[in-house]
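sequence? don't have it. structure:
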């Protein structure tokens with residue numbers, strides 16, 4: 001039988017942070033892929049990097065607010081998208097997700 005040492009509270013906290021970060025990265029990737037797929041239906045494509053996705057999403061949201069949206073007259077969709085904390089990804093935190 002193999003015995004495993006008991007983890008300290010500090011070790012458990014570090015493992016919890018790693019799990020939380022891993023989940024946040026998975027959720028971010030899923031969200032960006034979903035947005036990328038939806039925009040591809042309108043012929044809007046951008047590179048797969050998160051940095052490029054942020055730039056493209058900010059540009060598209062600014063166009064929606066000016067009334068030059070992806071689909072004409074869809075201001076409500078723009079307001080719903082802009083209320084999502086896309087700009088807060090990696091901003092001001094201790095560690096970037």
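Looks like it came in fine. Keep in mind the model is a prediction, meaning the values are calculated, not measured. Residues are numbered from 1 along each chain as shown.

Could you list the low-pLDDT ranges of this protein?
Applying pLDDT under 70 to the chain flags residues 68-97.

please redo it, this time with the cut-off set to 50
Counting by pLDDT under 50, the ranges of the chain that qualify are 73-74, 86-97.

Now do the helices for it: every range, in order, please.
Taking DSSP state H, the helices of the chain run over residues 9-40, 50-65, 75-82.

can you count the residues close to residue 8?
Counted with other Cβ atoms under 10 Å, the neighbours of residue 8 add up to 9. From N, CA and C alone the C-beta is placed, and that goes for glycine too.

got a list of what it touches?
By Cβ atoms under 8 Å, 6 or more residues apart in numbering, the contact list for residue 8 is empty.

Got the phi and psi for it?
Backbone torsions for residue 8, taken as degrees, to the nearest 10, come to phi -80, psi 170.

on that earlier part again, next, format the helices of the chain as TSV and append distance to residue 1 and mean neighbour count.
Output for the helices of the chain, formatted as TSV (distance: least, Cβ to Cβ, whole Å; neighbours: other Cβ atoms under 10 Å):
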stretch	distance to residue 1	mean neighbour count
helix 9-40	22	12
helix 50-65	45	16
helix 75-82	55	14
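
Which among the ones you listed is found nearest to residue 3?
Set against residue 3 and scored by Cβ to Cβ, these come closest in helix 9-40, at 16.5 Å.

quick check: angle from the closest one to helix 50-65?
50 degrees (axes from the mean of the first three to the mean of the last three Cα atoms, to 10 degrees).

Against which helices or strands is helix 9-40 packed?
In this structure, helix 9-40 packs against helix 50-65, with contacts taken as 3 or more Cβ pairs under 8 Å, 6 or more residues apart in numbering; DSSP states H and E.

The helix it packs on - contacts with which helices or strands?
Where contact means 3+ Cβ pairs under 8 Å, 6+ apart, helix 50-65 is packed against helix 9-40, helix 75-82.

again, only this time at 6 Å
Contacts defined by 3 or more Cβ pairs under 6 Å, 6 or more residues apart in numbering; DSSP states H and E place helix 50-65 against helix 75-82.
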